[in-house]
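>>> this is the structure alone, sequence omitted:
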């Protein structure tokens, strides 16, 4: 506990200078706050924010864990990239299309249902639920 | 590749303020691979900009790089450092991370088009700073004592087990309820000093640590001359009985990132007498008080 306490220094507000504030605090400010004007180079900050929900967890966890001398994040599947998950989904879709091709008369009426279930598999849901929460939160804070 | 004078480059804008002000500290380097930070006039306003290499700051490249935790952190911290230094000598409006233009002229044109918004934002934040206030419910340090210590070992019946579970659940709920009330108390108190407020989604257990659940994550726009009052107020409230299970975190002063755009926060009535009653909730308050299920569940 003392490790975490020294890292967090919750009792010393002045010591937590904003110039070197916690990454989570800085992230939630610099990503889409301030006055947003359209640049020539379009960075989808909403998308970046969604990614960083998990990135943020990752970094904060590493910070915390480093202090505590643990390294569980290296094997946590929830911290693998969204790209990996999307790849799986894409492969799934391709296989289903192929199945339809091979057996056009086949009964694939439950396809939608399967897709839904796929979205709710627990090991995949951790990240995507965070993403949805984040999107809701953002909408509430800055209705545009 | 750092020779941004000849290599194709984009122009990154960090922030805008009134008046040129002093040069930025020479040690401040901005984004990786970028040229020196420059102060650029924009009509009656001034901005801080930097040339960055086009290849590493293209849409594709940036999206990839910002998805890497380490790069994102460096980028975010670089941006924040420039904004904070620029705002140190007078109110400045931050722009979001990686606001990029193909040339200095295009940047200037875009900024000029938004000059009225910048002026309104500057008027709002002049002489004020953003303070972050968070309330965390601490996990019990020791297991709760048995509610009815039996003189003789009770038979381990299913009913007794279920009762114990229920009591533990109720105790947890009461602690959470008390922390929510503490957060409300704190919010009302801080609002008496603030011009505006915004509620954010509480940080998850991964950020706070598994030994605490965040109940409130709020930011307030506070006049600079009331910062000491704010800190004293929080210090005083920490000792109140409502806070016995909670921890209050205050960080600041921040550049008012959350308060420069009128759409993103709730304004507080201008005089204390006009202040809405405690029951008047800012529009985005409700759902944020919910402790994330996973965080609550991990606390037994």
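Nice, thanks for sending it over. A quick note: this is a predicted structure, and the numbers were derived from the prediction, not measured. Numbering: from 1, shown residues only, chains lettered A, B, ... in the order given.

>>> buried set for stretch B:126-138?
Neighbour counts over stretch B:126-138 (16 or more other Cβ atoms under 10 Å in any protein chain shown) mark B:128-138 as buried. To be clear about C-beta, it is placed using only N, CA and C from the backbone, and glycine gets the same treatment.

>>> can you tell me which of the residues you listed are in strands?
Among those, the ones falling in strands (DSSP state E) are B:128-138.

>>> ok, and of these, which contact chain A?
B:132, B:136 (Cβ under 8 Å from any Cβ of the partner chain).

>>> adding pLDDT, write the ones in strands among the buried residues of stretch B:126-138 out as a markdown table.
As requested, these are exported to a markdown table (pLDDT from 0 to 100):
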| residue | pLDDT |
| --- | --- |
| B:128 | 96 |
| B:129 | 96 |
| B:130 | 96 |
| B:131 | 96 |
| B:132 | 95 |
| B:133 | 96 |
| B:134 | 94 |
| B:135 | 94 |
| B:136 | 93 |
| B:137 | 92 |
| B:138 | 90 |
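
>>> ok, back up a step: between the buried residues of stretch B:126-138, which sits nearest chain A?
residue B:132 (6.1 Å; Cβ to the nearest Cβ).

>>> so what's the closest one closest to, chain neighbours aside?
residue B:251 (4.6 Å; Cβ to Cβ, 6 or more residues apart in numbering or on different chains).

>>> and that neighbour, what helix or strand is that in?
strand B:246-254 (DSSP states H and E).

>>> if we can go back for a sec, just the pLDDT for the residue nearest to residue B:132.
Predicted confidence (pLDDT) at residue B:251: the value is 93.

>>> burial count for it?
22 (other Cβ atoms under 10 Å in any protein chain shown).

>>> hmm, it is touching residue B:129, no?
No - taking contacts as Cβ atoms under 8 Å, residue B:251 lies outside contact range of residue B:129: 11.0 Å.

>>> which helices and strands sit right next to the helix or strand where residue B:38 lies?
Here residue B:38 sits within strand B:37-42, counting by DSSP H and E. The contact analysis (3 or more Cβ pairs under 8 Å, 6 or more residues apart in numbering or on different chains; DSSP states H and E) places strand B:37-42 against strand B:45-53, helix B:104-113.

>>> tilt between that strand and helix B:104-113?
Counting by axes from the mean of the first three to the mean of the last three Cα atoms, to 10 degrees, strand B:37-42 lies at 50 degrees to helix B:104-113.

>>> paired strands for strand B:37-42, with orientation please.
Strand B:37-42 sits in its sheet next to strand B:45-53 (antiparallel), going by DSSP bridges.

>>> ok now the partner strand, how far from the chain's centre?
The chain centre lies 25 Å from the centre of strand B:45-53; the measure is Cα atoms, centre = their mean, to the nearest Å.
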